[in-house]
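Visitor: Pasting a predicted model and its sequence here:
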Amino acid sequence: MNQWDATSLITCAKFQVDGRLVLDYMLDAAKIVITAEVRQETVDAGLAGGYLDAVEIRTRVDADYIEVRDAPRLPDPFEEVLDLYGLQEGDKAVVRLSLQAVDVGATVTDDRLLFVVLRRCGREALFLPDFVEKAVAEGVFDPVTGQRLLLAIRPRLPSGFVEHSLRRLEGVI
Amino acid sequence: MAVSVQTVLDERIARYINRVKEQSHATEAAVVRDLVEGGYDEVVRQLNARYQRGELTFRSVAAELGLSLRELYDLFEQKGLPA
């Protein structure tokens, strides 16, 4: 089971490959867990704004493909460090869940600062393209499907991230 | 949704607005609106650049702009900026 951050989740709930939502390919790889804060940001705020991706995420939360968990506060010294990084409440919740949930493996995020904080906390963090590569390596889908998924999400990701994973899946680097 | 704002401008900015207004035959309000929107666009792009460099989290950028995370995702998408 992997934890997902909000922006990666929204991106996967926006695009399709062969008429199937990218998010569903990701759910083939592993169950997703999100914090209550990420649910609020993606589902509640998304529905209020009329975003279709919010409906897609809510459907999968209701079907229990995406689990929502609370993330209790960490001891004060830890919380103080998170404040010094300038993290917002939603960011801190992602770090808290990553540190407290023993059954959660990696955290999927496209947030560079959050990625660094998670890694410095000794937790595994994956950018979304890395998660696709990992799923291909584990045989969840074939390299061609992996490449098509990467191309589908490319419009929302910074230059270099998708191309790097594509070259690796092509076996040229 | 649009809101109306009253403000006092520096004289140099006022002169610039008058010059653009005369050249483009636009209304004063339209010139001021273009200036403000250009400034806002620049702020959004600078914050996106800081986010891309890992100086700020996505949520911190949203807080800076007074937006929800979902609204910021939408704004970046509209401007062709990565999330």
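Guide: Yep, it's here.
Visitor: Every contact and neighbour count from this point should use C-alpha atoms.
Guide: Fine.
Visitor: which regions of chain B sit below the pLDDT cut-off?
Guide: Within chain B, no range satisfies pLDDT under 70.
Visitor: which residue packs closest to A:Asp130, ignoring adjacent ones?
Guide: Leaving aside its sequence neighbours, A:Asp130 sits nearest to A:Ser165 (CA to CA, 6 or more residues apart in numbering or on different chains; 6.9 Å).
Visitor: wait, what's in contact with that neighbour?
Guide: A:Pro129, A:Asp130, A:Glu133, A:Leu150 (CA atoms under 8 Å, 6 or more residues apart in numbering or on different chains).
Visitor: Same check on A:Ala152?
Guide: Contacts for A:Ala152 (CA under 8 Å, 6+ apart) come out as A:Phe15, A:Gln16, A:Val17.
Visitor: how much space between it and A:Cys121?
Guide: 31 Å (CA to CA, to the nearest Å).
Visitor: Also B:Arg19?
Guide: 56 Å.
Visitor: for stretch A:62-75, which positions count as buried?
Guide: Of all the residues in stretch A:62-75, those buried under the rule 16 or more other CA atoms under 10 Å in any protein chain shown are A:Tyr65, A:Ile66, A:Glu67, A:Val68, A:Arg69, A:Ala71, A:Leu74.
Visitor: Could you give the bridge partners of the second one?
Guide: When you say that, I think you mean A:Ile66. Legend: beta-bridge partners of A:Ile66 under DSSP bridges are A:Ile32.
Visitor: Just the pLDDT at it, thanks.
Guide: Per-residue pLDDT puts A:Ile66 at 98.
Visitor: so who does it touch?
Guide: Neighbours of A:Ile66 in contact, by CA under 8 Å, 6+ apart: A:Lys31, A:Ile32, A:Val33, A:Ile34, A:Arg60.
Visitor: picking that back up, out of the contacts of A:Ser165, the closest to chain B would be?
Guide: Nearest to chain B among the contacts of A:Ser165, counting by CA to the nearest CA, is A:Pro129 at 13.2 Å.
Visitor: so which helix or strand takes in the closest one?
Guide: Using DSSP states H and E, A:Pro129 sits in helix A:128-137.
Visitor: can you give me the offset of that helix from its chain's centre?
Guide: Helix A:128-137 sits 12 Å away from the centroid of its parent chain (CA atoms, centre = their mean, to the nearest Å).
Visitor: How about the residues of chain A by chain B?
Guide: Neighbours of chain B within chain A, by CA under 8 Å from any CA of the partner chain: A:7, A:41-42, A:45-46, A:49, A:86-88, A:90-91, A:110-114, A:155-158.
Visitor: looking at it, A:Ala36 is touching A:Val61, isn't it?
Guide: No. With contact defined as CA atoms under 8 Å, A:Ala36 does not count as touching A:Val61 (11.2 Å).
Visitor: Identify the contacts common to the two.
Guide: Listed as contacting both A:Ala36 and A:Val61 by CA under 8 Å, 6+ apart are A:Val68.
Visitor: Which among the residues of chain A next to chain B count as buried?
Guide: Counted by 16+ other CA under 10 Å, those give A:7, A:41-42, A:45-46, A:86-88, A:90-91, A:110-114, A:155-157 as buried.
Visitor: Just the ones of these in helices?
Guide: Judged by DSSP state H, those include A:Thr7, A:Ala45, A:Gly46, A:Gly90, A:Asp91, A:Arg112, A:Leu113, A:Leu114 as members of helices.
Visitor: Go ahead and confirm the fifth one touches A:Leu114.
Guide: Yes. The criterion here is CA under 8 Å, and A:Asp91 meets it with A:Leu114 at 7.0 Å.
Visitor: Quickly list what's touching both of the two.
Guide: Common neighbours of A:Asp91 and A:Leu114, using CA under 8 Å, 6+ apart, are B:Thr57.
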